[in-house]
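In: Structure, please.
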Amino acid sequence: MSGQLTQAARIIQKGGVVAYATEYCFGLGCDPMNRAAVLRILRLKRRPVQKGLLLIAANVEQLAPYVDDIPPAVLATWPGPYTWLLQPRDGVPGWITGEHARIALRVTAHAQAAALCKTVGMAIVSTSANRAGAEPTRSFRDTVRRFQGEVDYILPGRVGDAPAPTPIRDAITGELVRPG
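Out: Numbers count the residues shown, from 1 in each chain. Model (predicted):
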C-alpha cells in the first residue's frame, strides 16, 4: 500500500489529479493551491467554480494555510466525518471558496485518505467522484470504470461505512448546510 500512496502523493505534488476512497465515496483530489489542477477537477465534474470545494487533511496543522482560527467545538469533532465551514485566511483562492464567504474543511478519520494527506504533506481537495447531478462512485471498480483515463491515478481502496456524505455545518452560525 505504501508504494501506491507514494505514487498518488507524487502525482498530486506534481499538479495531477487523483481519485481515492473517503468516508462515504471515492473523491477526486489535488493540490488546492494548484489552480490548473483544481480547474481540471471542476471541468471533469462539470461543476461551476462558484460552488467551491472542500479540503481534507490528516491533522489540524495541514489546515494552517487556509484558516487562522478553529473553534474548540470544531476541534472536538476531528478527526471525524464532520465538515465545517470556517472563515478563510486572507489570500485563500476563490477557486477553493467559490462564491462563499467560508471555506469547507475536514480532518478526516478515513485511514487511507488521512495517510494520503500525510504522505502528500498537505491538505488536499476532496470532492465526490462524479459528474454534476450523478451519484458518486463508491468502489474502486466503479471509479476505474467511470474515470480511467480522465484522472492521473486511482488509488485502490475502500470507502468507509458512512451512510451518507459528511454533514457540513457553518462553524460561525451553527447552520447545518448539508445533512449527513
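
In: so what's the backbone phi/psi at residue 164?
Out: phi -160, psi 170 (degrees, to the nearest 10).

In: Distance of it relative to residue 180?
Out: As defined by Cβ to Cβ, to the nearest Å, residue 164 lies at a distance of 5 Å from residue 180. Placement of C-beta: from N, CA and C, glycine included.

In: same thing with residue 81?
Out: 7 Å.

In: got any residues that touch both of these two?
Out: Residues touching both residue 81 and residue 180 by Cβ atoms under 8 Å, 6 or more residues apart in numbering: 162, 166-167.

In: Pick out whichever of those residues sits closest to residue 42.
Out: residue 166 (20.0 Å; Cβ to Cβ).

In: just to revisit the earlier point, out of the shared contacts of residue 81 and residue 180, grab the one that's most surrounded.
Out: residue 166 (25 neighbours; other Cβ atoms under 10 Å).

In: any idea how far that residue is from residue 140?
Out: 20 Å.

In: ditto for residue 106
Out: 21 Å.

In: Which one's more surrounded, those two?
Out: residue 106 (27 against 18).

In: Now that one. Its backbone dihedrals?
Out: Dihedral angles (degrees, to the nearest 10) for residue 106: phi -150, psi 140.
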